[in-house]
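Trainee: curious how this folds, go ahead:
(2 chains)
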Amino acid sequence: MSYTIALAGNPNCGKTTLFNELTGSKQHVGNWPGVTVDKKEGTYKKNKEINVLDLPGTYSLSPYSAEEIVARDYIVKEKPDAVINIVDGASIERNLYLTVQVLETGIPTVIAMNMMDEVERRGDSINCNKLSEILGVPVVPIIARSGKGLDELMKEAQKVATGKKAPGQLQIFGNDIEDAIEEVKGYLTEGTEEDRRWTAIKLLEGDEIILESLHPDTSKLIQEIVQKMDSKCDGDTEAAIADKRYQYIGQIVKKAVKKSHTGHMETRSDKLDKILTNRVLALPIFAVVMYILFAATFSESFLFIPDLPSPGVWLAGIVETAWGALTDLVEGGLTSLGASDWALGLVLSCMDGVGAVAGFLPLVLVLFLLLSFLEDSGYMARVAFVMDRIFRHFGLSGRSFIPLLMGFGCSVPALMASRTLENDKDRKITMMITPFMSCGAKLPIYMMFAVTLFADSNQTLIVFGIYMIGLLVAVLSAFLLGKLIKGDEVSNFIMELPSYRVPTLKSVLIHAWEKVKGFAIKAGTIIFGSTVLIWLLSNFNFSGMCDMEESFLASIGNVIKIIFIPLGFGDWRASVGVVTGWIAKENIVATFGQLFGGVSDEVVEAVSAGEEALPAITAVFSPAAAWAYMAFNLLCMPCFAAVGAIKREMGSWKWTLRAIGYQMATAYVVALVIYWLFGLFY
Amino acid sequence: MTLKDLRPGDEGKVVSIGEKGPARRRIMEMGVTPGTMVKVVKVAPLGDPIEVNIRGYELSLRKEEAMRIVVE
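Mentor: Model (predicted):
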């Protein structure tokens, strides 16, 4: 017979480490339906009959964040055969707050008392037998990082799962609240005894989701009971319940935990934190960490050493070279077999499509190796702590800093980094504005115009100006979107600053691997499909294969150029550039090279490096139109790879289309304003 | 006196926590309940938020939120 065992626990309690230890490589990551919360499942490596499910980390089972709703719905509705509740022994009181709520659900439970090594190091001791006696469920001491105690833990978990023994009722609430619970229970008809008790407690806590699910008459009666209770509890039953739970926890901790020091004792982590978030040193250290994060992923001269590629760039180079060689090989093979032009073209375009996906994988891999290190070590929480003051003004949290910074390198990994944002609204806004950070691929477009049209001006200033436009639009968008998008919670900054820990190699590798795999599969299909489609459009017309000038794309360009007339670049070639830019922004330069004079590859390369001008474009673009064109391509829909990343992270087409729609509209309006403003000067 | 008035190193006992609402709920869930000892560890480099030690772990909150927590 097979069982499902769910892991529940606070964030940073070692839950993911335990999950990795239990399942090894036998795990897969999906999404919970409707929300962007990872759903991790696997089988226990020592017994294939046991499914292990990693619930999102939560502090409570109240329904106030997507994670909490997912965790509690799973426990209460799906009813796993057993729950393993992981408790961080080093901050046992706060962790037990979730424990008492898990026990309220009546699901068979085992408590895994984690971080026993850290507890010992502090000179404290936890009496697990005593705790087990009080709570009425097995309590197993473990050290998840080293795998100690896991066999014992799983043995106990199997025992409670087969025994189906519900934990007994704890004496937490006192007479007043217990009476109210009984009264509410009287109105509930569905579910077992434990279900009804749990539902009654949640209703007294003012749980709106459950209240709405009831018959209107019942819910009215229950609201009356809650109001009556409120007046008994200083106007707030919910607070009284939280208080009672913590009082109860205080009592049991007194009985089962021996502390060597009373009050606060300085740990190693505290000492490290004194340096890392020191008033003077925090910002310089932060700048160095962010530089390393950015440079290791994107830099061509890593650590300021000329021509030393960073790990990300180096790996990307290898992938590109290898893919190029493979493409040549296939091309040679097909030609010698006498394949027709279009068959050859189709195969090569498919290979380009796959290559476009593959080229991003090294960047995603390197960035996420580093990001998981920062996350698991506890520094990520400090990033938010340090940057919160600044980002709050834009309606965002300090954690948005990382995706936005990465956006200057490449939007794809940057968008995926937005997953570290806890608040759903912050995450959406951050994803919508991340592409406004001008990525590396957009630089050649600016260089091309700077050299050709602004040869006499300061070209650095022009490029800088465009970057500033992006930043400004991003800041204004954050304000605007903050007002438009409905948030599910009030923005606050009540956050745990977890102890610093050396991450385990296994966790870091597994996390990075998941990201790479997820991107390749989910985003890959979108990138591949769009790349092939644009290739077909730019190489075919009704009579078969043709040059780009006569292709479907050219015809499309001739139609959509009307839209761009108010922006100053109502030209079919400029319009085609916008479209090919969606495959990859640097494509715009190659398209221009081809359409404005059919220059060779070397010239195109020189143009994108800002070494040579492309004089033919001066006939189409006035300086004001060039500014408008640069701004439009900076702000409009990012490349398909980034759209794929947005789709993956938003988890919904609706929000993906909203993001694209917003970016398109912004690009149009900003380019219009710029064309008009610059028209006054030039 | 509120938690915001405490300086790094100062310790106080929580008396009450602001008004009913999601922020208060969150604060209480994180262990800030009446009668608990809370110690201010430090202030962020830019002056806000603050870091406190409560129930043996570190919690950060904005001054705006700390202002609503009455301590003695």
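
Trainee: ok, the residue of the stretch 301-450 of chain A found nearest chain B - contacts?
Mentor: Across the stretch 301-450 of chain A, the shortest distance to chain B (Cβ to the nearest Cβ) belongs to A:Arg389, at 3.8 Å. Heads up, the C-betas are built off the backbone N, CA and C, glycines and all. Neighbouring residues of A:Arg389 by Cβ atoms under 8 Å, 6 or more residues apart in numbering or on different chains: A:398, B:44, B:46-49.

Trainee: pull out the buried residues from the strand or helix carrying it.
Mentor: Per DSSP states H and E: A:Arg389 is located in helix A:379-392. Of all the residues in helix A:379-392, those buried under the rule 16 or more other Cβ atoms under 10 Å in any protein chain shown are A:379-389, A:391-392.

Trainee: just stretch A:15-27 next, same as before
Mentor: A:15-23, A:27.

Trainee: mind putting those into CSV with secondary structure and pLDDT?
Mentor: Putting these into CSV (DSSP: H, G, I helix; E, B strand; the rest coil; pLDDT from 0 to 100) gives the following:
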residue, secondary structure, pLDDT
A:Lys15, helix, 91
A:Thr16, helix, 89
A:Thr17, helix, 90
A:Leu18, helix, 94
A:Phe19, helix, 94
A:Asn20, helix, 91
A:Glu21, helix, 92
A:Leu22, helix, 93
A:Thr23, helix, 91
A:Gln27, strand, 79
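
Trainee: export these to CSV and tack on distance to A:Val473?
Mentor: Listed next are those as CSV, based on distance: Cβ to Cβ, whole Å:
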residue, distance to A:Val473
A:Lys15, 40
A:Thr16, 37
A:Thr17, 41
A:Leu18, 44
A:Phe19, 41
A:Asn20, 41
A:Glu21, 46
A:Leu22, 47
A:Thr23, 44
A:Gln27, 41
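
Trainee: list just the nearest of those to A:Ser65.
Mentor: Among the buried residues of stretch A:15-27, A:Lys15 lies closest to A:Ser65 (Cβ to Cβ), at 16.2 Å.

Trainee: so that closest one is in contact with A:Glu21, correct?
Mentor: No - in this structure A:Lys15 lies outside contact range of A:Glu21 using Cβ atoms under 8 Å: 10.8 Å.

Trainee: and the longest helix along chain B, what's buried?
Mentor: Using DSSP state H to define each element, chain B has its longest helix at helix B:22-29. By 16+ other Cβ under 10 Å, the buried positions in helix B:22-29 come out as B:23-29.

Trainee: what is the least confident helix or strand in the chain?
Mentor: Assuming you mean chain A. strand A:27-31 (a mean of 76; mean pLDDT, DSSP states H and E).

Trainee: could you do chain B instead?
Mentor: Per-SSE averages on chain B (mean pLDDT, DSSP H and E): minimum helix B:22-29, a mean of 85.

Trainee: hey, C-alpha coordinates of the next helix or strand after that helix in PDB?
Mentor: Next along the chain after helix B:22-29, taking DSSP H and E as the criterion, comes strand B:37-43. The C-alpha trace of strand B:37-43 is given here as PDB (Å, rounded to 0.1, in the frame of the first residue of the first chain):
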ATOM      1  CA  MET B  37      10.400  40.300  25.900                       C
ATOM      2  CA  VAL B  38      11.700  42.000  22.800                       C
ATOM      3  CA  LYS B  39      15.200  43.400  22.200                       C
ATOM      4  CA  VAL B  40      16.200  45.800  19.500                       C
ATOM      5  CA  VAL B  41      19.300  44.400  17.700                       C
ATOM      6  CA  LYS B  42      20.000  47.100  15.100                       C
ATOM      7  CA  VAL B  43      18.700  49.600  12.700                       C
END
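
Trainee: what's the angle from strand B:37-43 to helix A:379-392?
Mentor: Strand B:37-43 and helix A:379-392 are oriented at 70 degrees to each other (axes from the mean of the first three to the mean of the last three Cα atoms, to 10 degrees).

Trainee: after strand B:37-43, which helix or strand is next?
Mentor: Counting by DSSP H and E, what follows strand B:37-43 is strand B:50-54.

Trainee: residues contacting whichever helix or strand comes after that next one, please?
Mentor: Next in sequence after strand B:50-54, counting helices and strands by DSSP H and E, comes strand B:57-61. Applying Cβ under 8 Å, 6+ apart, the contact partners of strand B:57-61 are A:90-91, A:94, A:273, A:381, A:385, A:492-499, B:27, B:30-32, B:41, B:44, B:49-53.

Trainee: is it true that A:Gly577 touches A:Ala590?
Mentor: No - assessed by Cβ under 8 Å, A:Gly577 is found out of contact with A:Ala590, at 9.4 Å.

Trainee: who's more crowded, those two?
Mentor: Taking other Cβ atoms under 10 Å in any protein chain shown, A:Gly577 and A:Ala590 do not tie; A:Gly577 has more neighbours (25 against 19).

Trainee: how far off centre is stretch A:61-80?
Mentor: Averaging C-alpha positions (Cα atoms, centre = their mean, to the nearest Å) puts stretch A:61-80 20 Å from its chain's average.

Trainee: which parts of chain A are strands?
Mentor: A:3-9, A:27-31, A:38-43, A:50-54, A:82-88, A:109-114, A:125-126, A:139-141, A:257-258, A:495-496, A:540-541, A:544-545 (DSSP state E).

Trainee: and for A:Ser411, the neighbour number?
Mentor: Per other Cβ under 10 Å, the neighbour tally for A:Ser411 reads 29.

Trainee: so who does it touch?
Mentor: A:434-435, A:437, A:439, A:638-639, A:641-642, A:645.

Trainee: show me which pair in those is furthest apart.
Mentor: The span of the contacts of A:Ser411, defined through Cβ to Cβ, is set by A:Met437 and A:Ala641 at 15.3 Å.

Trainee: pretty sure A:Trp653 contacts A:Lys647?
Mentor: Yes - proximity of A:Trp653 to A:Lys647 meets the contact threshold set by Cβ under 8 Å, at 7.0 Å.

Trainee: A:Met437 and A:Ala641 - which one has more neighbours?
Mentor: A:Ala641 (27 against 22).

Trainee: could you report the pLDDT at residue 51?
Mentor: In the absence of a named chain, chain A is used. A:Asn51 is assigned 94 on the pLDDT scale.

Trainee: sorry, I should have been clearer: chain B.
Mentor: Confidence at B:Glu51, expressed as pLDDT, is 94.

Trainee: separation between it and chain A?
Mentor: 6 Å (Cβ to the nearest Cβ, to the nearest Å).

Trainee: for that residue, give me its contacts.
Mentor: B:Glu51 neighbours (Cβ under 8 Å, 6+ apart): A:277, A:385, A:497, B:40-44, B:58-60.

Trainee: a markdown table for the residues you listed, including pLDDT and distance to A:Gly149?
Mentor: Output for the contacts of B:Glu51, formatted as a markdown table (pLDDT from 0 to 100; distance: Cβ to Cβ, whole Å):
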| residue | pLDDT | distance to A:Gly149 |
| --- | --- | --- |
| A:Thr277 | 88 | 33 |
| A:Phe385 | 90 | 33 |
| A:Leu497 | 91 | 27 |
| B:Val40 | 95 | 36 |
| B:Val41 | 92 | 32 |
| B:Lys42 | 91 | 35 |
| B:Val43 | 92 | 39 |
| B:Ala44 | 92 | 37 |
| B:Glu58 | 93 | 26 |
| B:Leu59 | 94 | 28 |
| B:Ser60 | 93 | 32 |
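
Trainee: looks like B:Lys4 contacts B:Arg62 (just checking).
Mentor: No - taking Cβ under 8 Å as the definition, B:Lys4 is not a contact partner of B:Arg62, at 9.4 Å.

Trainee: between the two, what contacts are shared?
Mentor: B:Ile50.
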